[in-house]
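> got a sequence here, can you build the structure:
(2 chains)
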Amino acid sequence: DGGITQSPKYLFRKEGQNVTLSCEQNLNHDAMYWYRQDPGQGLRLIYYSQIVNDFQKGDIAEGYSVSREKKESFPLTVTSAQKNPTAFYLCASSWGLGNEQFFGPGTRLTVL
Amino acid sequence: KNQVEQSPQSLIILEGKNCTLQCNYTVSPFSNLRWYKQDTGRGPVSLTIMTFSENTKSNGRYTATLDADTKQSSLHITASQLSDSASYICVVSGRQTSGTYKYIFGTGTRLKVLA
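Residues are numbered from 1 along each chain as shown, chains lettered A, B, ... in the order given. Predicted coordinates:
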C-alpha cells in the first residue's frame, strides 16, 4: 500500500521546546516538501529536498530545520526559535520538482 | 508578484446542484495548474492537472478549464454530493530561471453541500 504518512496526527508542545514531525513515503519519490497551513492562507513552503542529503529553504524556513538522510524520510524539527508554531503541517512528495505532489494526512501542532 | 487568487472564498449549495469555482493567477513562467480537494483536517488530494496547451480536463463530476491567455481557470462540479463538502485549492507551478520550480497555492474555496 503505497503512500505518504505523517506522525503524529496531533502534537502538543510547551513553549521553548523543540519538536520533530515525522514524514515517510514509500512512493520512491526523489523530492519531498514541508508546508505550513494557517486559516485563511495558502500553503507556505518551509523546506524542500530534491534528493538525499540535500535540502533548500523555502519561503518561511526561519525557526525550522530538516534532514534528508534517507530517500523515504524527511523529518521536520520545529525549534523554539519559531515564534508562532501553532499550525497544520503538511508533508508532500513528488517524482521531481514540478511534478504532481502527493500530500500526507498532516500533523496539527499546538503550542501550549 | 506571483499570486493565485480564488473565488468565492466560501460557497453553500444544495445537494444535486452544480457549482463553479474560479482561480486567477499571475504566476510566470507558467508550467501547470492543479486543482486539489482538501477535506477538513486532511491532506490535499489531486483532482486535475492542466498544462499550457490544455483547455479542459475532466475527472468524474469534476471538470477543470484553463484559459492561458487570460490566466484563469475554473473547476465545475456537477450534481454535487454531500461528500463534495471540502476546500478546493488551486496551485500553479512554474519553472524559475534558476531551474527550480515554484508552487504557488491559492487560499482555497470552502464548499459546503447541504442535504
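> give me the most central residue, chain A.
For chain A, the residue nearest the mean C-alpha position is A:W34 (3.0 Å; Cα atoms, centre = their mean).
> shouldn't it be in contact with A:F74?
Yes: the pair A:W34 / A:F74 is scored as a contact, 7.0 Å apart, by Cβ atoms under 8 Å. Just so you know, the C-beta spots here come from the backbone N, C-alpha and C atoms, and that holds for glycine as well.
> give me the common contacts of those two.
Shared contacts of A:W34 and A:F74 (Cβ atoms under 8 Å, 6 or more residues apart in numbering or on different chains): A:23, A:66, A:91.
> isn't the last one up against A:M32?
Yes: A:C91 sits in contact with A:M32 when judged by Cβ under 8 Å, with a separation of 6.9 Å.
> mutual contacts of the two, please.
Shared contacts of A:C91 and A:M32, defined by Cβ under 8 Å, 6+ apart, comprise A:23, A:74.
> which element is B:T97 on?
For B:T97, there is no enclosing helix or strand under DSSP states H and E.
> show me what contacts the residue nearest to B:S7 when sequence neighbours are not counted?
Sequence neighbours aside, B:Q22 is the residue nearest to B:S7 in space, at 4.7 Å (criterion: Cβ to Cβ, 6 or more residues apart in numbering or on different chains). Residues counted as contacts of B:Q22 (Cβ under 8 Å, 6+ apart) are B:6-8, B:72-74.
> put together a markdown table for these, with pLDDT on each row.
Shown next, in a markdown table, are the contacts of B:Q22 (pLDDT from 0 to 100):
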| residue | pLDDT |
| --- | --- |
| B:Q6 | 97 |
| B:S7 | 97 |
| B:P8 | 97 |
| B:Q72 | 96 |
| B:S73 | 97 |
| B:S74 | 98 |
